[in-house]
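Enquirer: this one's sequence-less:
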């Protein structure tokens, strides 16, 4: 199947860590991605992970991939107000030549 | 290096009219994707094109919608006889030619927001 599922909303306190979760059904995905969409704008790639990796860290971002459970997560350390956005999980198909399928997006809001 | 350019950014049409949305990919990119984002919903894949070829149109509605990416000029998403349910943001994305190091990253335009009255 093509389903990529995410919860729709997440609210965290400024300075705390945010964890955004995603599940997918197609185990043939080569790459999995996290994109960020700020209000009124297009999507920008935040980070990606190759399917043979378990973890990837990039400054405040940590991506965890559990292939057995088909679960992907994005952790944002020390969440700031500028992190407020919609975060989309996405995956490729059997090769990078396939269409990229997006989840519904998780809207992250930051409270003081 | 200019990014993905979409126009118009905003388009208002009455029911029954036609909407044409244009997308110029990043320089050097020959793959174009169209996605639709409905209010409070995620991004739904519509169509994937290369120059003069439709690679995957599995997300395109069977009627009224068409897309092209000619040898010269931008990619165009065309919606005939628009209905209120077509109101959405339409995003175009491009990617470079496939190669050993290509991670499949998509570069998005800022979207075209269609409102059907």
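Expert: Thanks, I have it. What you see is a predicted model, and the numbers here were worked out from it, not measured in a lab. Numbering: from 1, shown residues only, chains lettered A, B, ... in the order given.
Enquirer: residue 28: neighbour count?
Expert: You didn't say which chain, so I picked chain A. Look at residue A:28: counted by other CB atoms under 10 Å in any protein chain shown, it has 11 neighbours. (Glycine included, C-beta is placed from N, CA and C.)
Enquirer: if you could check chain B rather than the one you did, that'd help
Expert: Residue B:28 has 9 nearby residues by other CB under 10 Å.
Enquirer: does it touch residue B:96 like I think?
Expert: Yes. Under the criterion of CB atoms under 8 Å, residue B:28 lies in contact with residue B:96, with a separation of 6.1 Å.
Enquirer: give me the low-pLDDT residue ranges for the chain?
Expert: No chain specified, so I'll use chain A. A:1-2, A:93-98 (pLDDT under 70).
Enquirer: I was thinking of chain B, sorry if that wasn't clear
Expert: For chain B (pLDDT under 70), the answer is B:1, B:98-102.
Enquirer: now the phi/psi pair for residue A:69, please.
Expert: The phi/psi pair for residue A:69 (degrees, to the nearest 10) reads phi -90, psi 0.
Enquirer: excluding chain neighbours, what is closest to it?
Expert: residue A:23 (7.6 Å; CB to CB, 6 or more residues apart in numbering or on different chains).
Enquirer: for chain B, which residues are neighbours of chain A?
Expert: B:4, B:33, B:35, B:41-45, B:48, B:56, B:58-59, B:91, B:93, B:98, B:102-106, B:108-111 (CB under 8 Å from any CB of the partner chain).
Enquirer: and with 6 Å instead?
Expert: B:42-43, B:45, B:48, B:56, B:91, B:98, B:102-105, B:108-111 (CB under 6 Å from any CB of the partner chain).
Enquirer: so what's residue A:35 bridging to?
Expert: Note on residue A:35: beta-bridge partners residue A:45, residue A:88, judged by DSSP bridges.
Enquirer: need the contact list for it.
Expert: Going by CB atoms under 6 Å, 6 or more residues apart in numbering or on different chains, residue A:35 touches A:43, A:45, A:88.
Enquirer: would you mark the buried spots in the helix or strand harbouring residue B:78?
Expert: Per DSSP states H and E, residue B:78 falls inside strand B:75-79. Residues of strand B:75-79 classed as buried by neighbour count (16 or more other CB atoms under 10 Å in any protein chain shown): B:75, B:77, B:79.
Enquirer: who does the first one bridge with?
Expert: Listed by DSSP bridges, the beta-bridge partners for residue B:75 are residue B:23.
Enquirer: what do you get for residue B:108?
Expert: Going by DSSP bridges, residue B:108 forms beta bridges with residue B:93.
Enquirer: surely it and residue B:94 touch.
Expert: No. Using CB atoms under 6 Å, residue B:108 makes no contact with residue B:94, being 8.5 Å away.
Enquirer: the two: which is more packed in?
Expert: residue B:94 (25 against 22).
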